[in-house]
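Q: Structure of the sequence below:
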Amino acid sequence: MSASININAFSDALVVLGTAGVVVPIVRRMGVNPVIGYLGAGALLGPLGLGSFTQTFPSLYWFTIADARDVEGIANLGVVFLLFLIGLELSFRRLMTMRRLVFGLGGLQVLVTSAIISGAAILTGQSSDVAIILGASLALSSTAIVLELLSSEGRLTTAAGRASFAVLLAQDLAVVPILVFISVLGADTGGSVLAHLSNALFKAAVAVAFLILVGRLLLRPLFQMVASTHSTELFVAATLFVIVGAGLAAHQAGLSMALGAFVAGLMLAETEYGKAIQATVEPFKGLLLGTFFFTVGMAIDFRVFLREPGWLLAAVLGLLAGKTLLIAILGRLFRLSWPTVIESSLLLGPASEFAFVSIGLAATLGLIEPRVSGFVVAVTAVSMVLTPLVALLGRHLAAKLSTERSDDPELSVRPPGEEEQAIVVGYGRVGKVVCSLLATHGLKYIAIDNEPADVARDRRDGHNVYYGDATEPGFLEACGLMQATGVIITVQSHTAIDEVVGRIRAVRPDVLIVSRARDANHARHLYSIGATDAVPETIEASLQLSEAALVGLGIAVGQAIASVHEKRDEFRHSLQEAALSKAALKEKRSAPPT
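A: Okay, here's the model as predicted:
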């Protein structure tokens, strides 16, 4: 018995997946930000682009989307996942590291920019409520594009990178009250703006307090129970359950799903499961957020470019110039140098992807007219497309300037997620000894282990250890592998050690890897696959035994230690030579005959 399948139902999913799997990799290779690729693909293939010609050319049905509502549900999940990850990354430690710039410079930027844009919107004839929505939406900058640009160019740790990061943190925090305000405004259109804002903040406070209370009681025990099964599938399922569940709980309270996901991420950020959850969510977030940007692109009406090109160009240039100038003035007030001010202000001048969320929500609730929302979406999209160009201009201008004084001292402090620190894989007896000695010598480290009960106990005792499986793709990156000064592997499993060394070498050919080894054969194997140093248990035990015996038999302690060190170096040298010889022989055998 065969079931009949409506193939047409899969055509929209095919278009979105094709964009993610084919179009975006192509534009990435061309040096274009993937967010812009999704926006462009959505505008071209959506119902306002080629999708509007499906009646005339039916074959286009398989390559376009004629109705945006068909992918709207999964696109909204992308926003929920993005807010969850922002909450997961916004730990209180990170906020406190740069609190003056985050709450001072960033907070002022959001408030002053919102007020100025709102005033301009009122002058064009918009109501005060709509003007506030427009001002708050356009005051934000693109976290996705700016951070990717800074990261890909290795500029996150520069003064301009950290200043931009601080402002983006403040903007990310502002997203939640903005969405709450729009939601409540749409639910109750009567009363003053102040009444709406007070009502929104009160409802948000009550809902957030409830979510935090429930989360503190349930989230950690839930993840400890799931992690104890050592099942990746169950861990993924639990993570998705928490994200969607928190979102639905907030929605039932009359707030946005994104708010609930944000609170859940914030609560999990300081737990031992934060890094593992971040690595788990990242692939889903990328695809779902890409789908969201694709649907946003579908809302870009090319007719706006043709109908009002002058106003559109004036609005884009006005937005870029106004935000850049304002951020530059505020940056100088906070004693940032001219190069830092110029580069960061130009980076933050374009609009944010959250403008699509907030303007779209306001349009859905009937707060903004379709003509106005379409124009603002077009302005946002064009300004975002220009972000790489203005970023290049900012770097060029900053390079031409010099300063005799240093920037704000806060900019020399790395946020916790960007610290250069060692990673210790395995926090059993050996791992604890290694971490203790690292701490004794003032070396920063992060420890990871895959035993949830042990990690929970060690966290309660104040140890800096996180739950996760180092053999899982993405987890080490979430723990800061790209900034790590070295990786020390202390686990016992031969297979796990090999997998971890292989994964590290695939992305960090230069990083120090010191690994525990079972015996000499295992050590030779580790050297051959990229370990910097391997410590065989059997050889090390014999060396320690020899040292104790020499001292006990009357040899001076210093002489005994020197002999043991010399013998250890001989072993290490012979194992490395054997690994190199084996690799050379293998390469010779695989070489084509001449």
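Q: C-alpha from now on. contacts and neighbour counts both.
A: Noted.
Q: Go ahead and flag the most central residue of the protein.
A: Leu85 (6.5 Å; CA atoms, centre = their mean).
Q: mind listing what that one touches?
A: Shown in contact with Leu85 (CA atoms under 8 Å, 6 or more residues apart in numbering): Phe262, Gly265, Gln278, Val281.
Q: Would you format those residues as CSV with neighbour count and pLDDT included?
A: Rendered in CSV, the data for these read as follows (neighbours: other CA atoms under 10 Å; pLDDT from 0 to 100):
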residue, neighbour count, pLDDT
Phe262, 27, 79
Gly265, 28, 84
Gln278, 24, 82
Val281, 18, 81
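Q: from the residues you listed, which is closest to Gly349?
A: Using CA to CA, Phe262 comes nearest to Gly349 of the contacts of Leu85, at 25.0 Å.
Q: That closest one sits in which helix or strand?
A: Counting by DSSP states H and E, the element that carries Phe262 is helix 257-268.
Q: now swap in Gln278 and tell me
A: Assigned by DSSP H and E, Gln278 falls in helix 274-298.
Q: Show me what the following helix or strand past that helix packs onto, helices and strands only.
A: Later in the chain than helix 274-298, the nearest helix or strand by DSSP H and E is helix 302-307. Contact here means 3 or more CA pairs under 8 Å, 6 or more residues apart in numbering; DSSP states H and E; on that basis helix 302-307 packs against helix 370-385.
Q: which residues sit against the helix or strand that the helix it packs on is followed by?
A: Going down the chain from helix 370-385, the next helix or strand is helix 387-400, by DSSP H and E. Residues from elsewhere that reach helix 387-400 (CA under 8 Å, 6+ apart): Ile145, Val146, Leu149, Trp338, Pro339, Thr340, Ile342, Glu343, Ser344, Leu346, Leu347, Pro350.
Q: Settle this for me: the first one is touching Val35, isn't it.
A: Read that as Ile145. Yes - contact between Ile145 and Val35 holds when scored by CA atoms under 8 Å: they sit 7.0 Å apart.
Q: So which of these two has more stuff around it?
A: Val35 (25 against 21; other CA atoms under 10 Å).
Q: Which of the helices or strands spans Ile513?
A: Ile513 belongs to strand 512-517 when assigned by DSSP H and E.
Q: Now do the helix holding Gln278: distance to the chain's middle.
A: Put simply, helix 274-298 sits 10 Å off its chain's centre (CA atoms, centre = their mean, to the nearest Å).
Q: Tabulate the contacts of helix 387-400 in JSON lines, adding columns for pLDDT.
A: As requested, the contacts of helix 387-400 are exported to JSON lines (pLDDT from 0 to 100):
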{"residue": "Ile145", "pLDDT": "77"}
{"residue": "Val146", "pLDDT": "82"}
{"residue": "Leu149", "pLDDT": "75"}
{"residue": "Trp338", "pLDDT": "86"}
{"residue": "Pro339", "pLDDT": "87"}
{"residue": "Thr340", "pLDDT": "87"}
{"residue": "Ile342", "pLDDT": "91"}
{"residue": "Glu343", "pLDDT": "89"}
{"residue": "Ser344", "pLDDT": "90"}
{"residue": "Leu346", "pLDDT": "92"}
{"residue": "Leu347", "pLDDT": "91"}
{"residue": "Pro350", "pLDDT": "91"}
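Q: Between all of those, which two are separated the most?
A: Every pair of those checked by CA to CA; the farthest is Ile145 and Trp338, at 22.9 Å.
Q: returning to what we had before: the helix or strand harbouring the residue nearest to the centre of the chain vs helix 257-268, what angle?
A: Under the criterion of DSSP H and E, Leu85 resides in helix 72-89. For helix 72-89 against helix 257-268, the angle by axes from the mean of the first three to the mean of the last three CA atoms, to 10 degrees is 30 degrees.
Q: And the helices in the stretch 1-150 of the chain?
A: Assigned by DSSP state H, counting those that start in this stretch, the helices in the stretch 1-150 of the chain fall at 11-18, 24-29, 34-45, 72-89, 92-97, 99, 107-123, 128-139, 143-152.
Q: Just checking, which helix or strand of the chain averages the lowest pLDDT?
A: None of the helices or strands of the chain scores lower by mean pLDDT, DSSP states H and E than helix 92-97, at a mean of 65.
Q: rewinding a little: state the distance from the residue nearest to the centre of the chain to Pro309.
A: According to CA to CA, to the nearest Å, Leu85 and Pro309 sit 37 Å apart.
Q: likewise Arg29?
A: Counting by CA to CA, the separation of Arg29 from Pro309 is 30 Å.
Q: Which pLDDT value goes with Lys588?
A: At Lys588, the model reports a pLDDT of 54.
Q: can you check Lys567 too?
A: pLDDT, Lys567: 79.
Q: Helix, strand, or coil at it?
A: At Lys567 the chain is in helix, as set by DSSP: H, G, I helix; E, B strand; the rest coil.
Q: Distance-wise, check it relative to Thr495.
A: In this view, Lys567 and Thr495 are 28 Å apart by CA to CA.
Q: ditto for Ala136
A: Ala136 is 52 Å from Thr495, by CA to CA.
Q: Which one's more surrounded, those two?
A: Taking other CA under 10 Å, Ala136 and Thr495 do not tie; Ala136 has more neighbours (27 against 9).
Q: Excluding chain neighbours, what is closest to that one?
A: Ser114 (4.7 Å; CA to CA, 6 or more residues apart in numbering).
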